[in-house]
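A.B. asks: From the sequence below, what's the structure:
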Amino acid sequence: MGFDIGVLLTVALMHAVAVASPGPDFAIVLKQSLQQGKKAGIWTSIGVGAGILVHVLYSLLGVGLLIQTHDWLYLGLLYVAAAYLVWIGIGALKSAPTTTQANEELNDVEARSHYPNKQSKHAFWLGFVTNGLNPKATLFFLALYSLAIPLNTYLFVKVAYGLYLAVATSLWFIFVTFLASRDRIRRIYQQKGHWFDRAMGVVIILMAILLVINQ
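C.D. replies: Prediction:
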C-alpha cells in the first residue's frame, strides 16, 4: 500500500494530541528554554524530534512487538526512563538564585549568534534521551504502527510517516521555545527562576513516579 492521505491525516491527528499533552518532553524543553535560552531550547527540541526516530526504527524492525509481548523489556525501559527523570528532577531541585553576574553571562550567551558547540550537543542529547527513553512514546508508536498505519504499507511510506513525525515534533517544541524565551518571560525567570526550576524538578519527579505507578 502506497501513500494514503487518510492515513496521513490520522497519523497527524494522533501526533497532535500526543505532542500537545504535557509530559517529560514538554517539561525539558520549557526548562531549557527558560534556564539556558532560546538556542538551547531549539537544540533540545531538535533532540526530542530526533528521539522520535528511535521509536520509528524499532517499530519498523519489529522490536516494538518484542517490547509489547515481553513485559520485562517494557518494565526495564520504564524503570530506566523513571530513574533518568528523577536524576534530572533532583538536579532542578538544587537550583539556587542567580546572581547579577550570572544573569549578565546568560544574556551574553543568548545574544551570541553562535551557540557554544559543547552546550549545543548537551541540549540535543538531553532532548534525544528524554524522548528516546519515554515509555509513553513507546506505547504511542506501538499503537500507531500496528493500528493507524496498515501493515501492508510500503516500507518507504512508513519511513516517510516517521520522518514527518520527527520534523513535526521538533517544530512544535521550537514553537514552544519561542513562546517561552520572549523577553518579558525571560526577565521574570531571571528574577524568580530558581523557584521555577525547583517546581519543574518536583513536576518531573512526579512524572517519573506516575510512569511507574500507572504501568
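A.B. asks: Run a quick neighbour tally on Ser45.
C.D. replies: The number of residues packed near Ser45 is 28, by other CB atoms under 10 Å. Any C-beta I mention is one placed from the backbone N, CA and C, and that applies to glycine too.
A.B. asks: got a list of what it touches?
C.D. replies: The contact partners of Ser45, by CB atoms under 8 Å, 6 or more residues apart in numbering, come to Val29, Gly127, Thr169, Ser170, Trp172, Phe173, Ile174, Val176, Thr177.
A.B. asks: One more pass at 6 Å, please.
C.D. replies: Shown in contact with Ser45 (CB atoms under 6 Å, 6 or more residues apart in numbering): Val29, Ser170, Phe173, Ile174, Thr177.
A.B. asks: Pick the one among those closest to Ala50.
C.D. replies: Ser170 (7.7 Å; CB to CB).
A.B. asks: Okay, the closest one and Gly49: tell me how far apart.
C.D. replies: To Gly49, Ser170 is 3 Å away according to CB to CB, to the nearest Å.
A.B. asks: Likewise for Leu30?
C.D. replies: From Leu30 across to Gly49, the span is 16 Å (CB to CB).
A.B. asks: and if you look at Phe3?
C.D. replies: In terms of CB to CB, Phe3 sits 21 Å off from Gly49.
A.B. asks: between those two, who's got more neighbours?
C.D. replies: Ranked by neighbour count (other CB under 10 Å), Phe3 and Gly49 place Gly49 first, with 25 against 12.
A.B. asks: The more buried one reaches Thr169, doesn't it?
C.D. replies: Yes - counting by CB atoms under 6 Å, Gly49 does reach Thr169; the two are 4.4 Å apart.
A.B. asks: any idea which helix or strand comes after the helix or strand of the chain with the lowest mean pLDDT?
C.D. replies: Scoring the helices and strands of the chain by mean pLDDT, DSSP states H and E places helix 100-111 at the bottom, with a mean of 48. Later in the chain than helix 100-111, the nearest helix or strand by DSSP states H and E is helix 117-132.
A.B. asks: Tell me the first helix or strand C-terminal of that following helix.
C.D. replies: Next element after helix 117-132 (DSSP H and E): helix 135-143.
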